[in-house]
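Undergrad: Show me how the following folds:
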Amino acid sequence: CVQNAYRTLLLCGHSFCRKCITNSLSIKDQCPQCRTTVPKEEKYFPTTSHILKSLGHAHII
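TA: Purely as a prediction, here's the structure:
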C-alpha cells in the first residue's frame with residue numbers, strides 16, 4: 001500500500017497503513033512482516049511508554 005498519511009506502528013517496530021494492518025490483524029494477530037504476535041489490547045495504538053521503551057533499545061549509528 002502506498003498510503004503514508006495514516007501509518008500505524010506496531011510494538012515490533014513495523015508500520016503499515018491503518019487500513020491494511022486492520023485487515024491483516026482481523027485475520028491473524030501477527031505482524032505481517034516479522035510474525036511477532038500482536039496483543040489484542042495493543043493492536044493499533046501502542047502506548048507512549050512502549051514506543052519510548054522500544055526506542056531506548058535502538059542503537060543509533
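
Undergrad: Touching, Arg7 and Arg18? I think so.
TA: Yes - in this structure Arg7 lies within contact range of Arg18 using Cβ atoms under 8 Å: 7.2 Å. (Glycine included, C-beta is placed from N, CA and C.)

Undergrad: Looking at these two, which is more packed in?
TA: Arg18 (15 against 12; other Cβ atoms under 10 Å).

Undergrad: How much space separates Cys12 from Cys31?
TA: The gap separating Cys12 from Cys31 is 5 Å, by Cβ to Cβ, to the nearest Å.

Undergrad: Which neighbours do the two have in common?
TA: Jointly contacting Cys12 and Cys31 under the rule Cβ atoms under 8 Å, 6 or more residues apart in numbering are Val38.

Undergrad: between the two, who's got more neighbours?
TA: Set Cys12 next to Cys31 and count neighbours by other Cβ under 10 Å: Cys31 wins out with 19 against 16.

Undergrad: which residues touch the more buried one?
TA: With Cβ under 8 Å, 6+ apart, Cys31 has these contacts: Leu10, Cys12, His14, Val38.

Undergrad: list the contacts for the first one?
TA: Yep, that's Leu10 we're talking about. Phe16, Ile21, Cys31, Thr36, Val38, Pro46.
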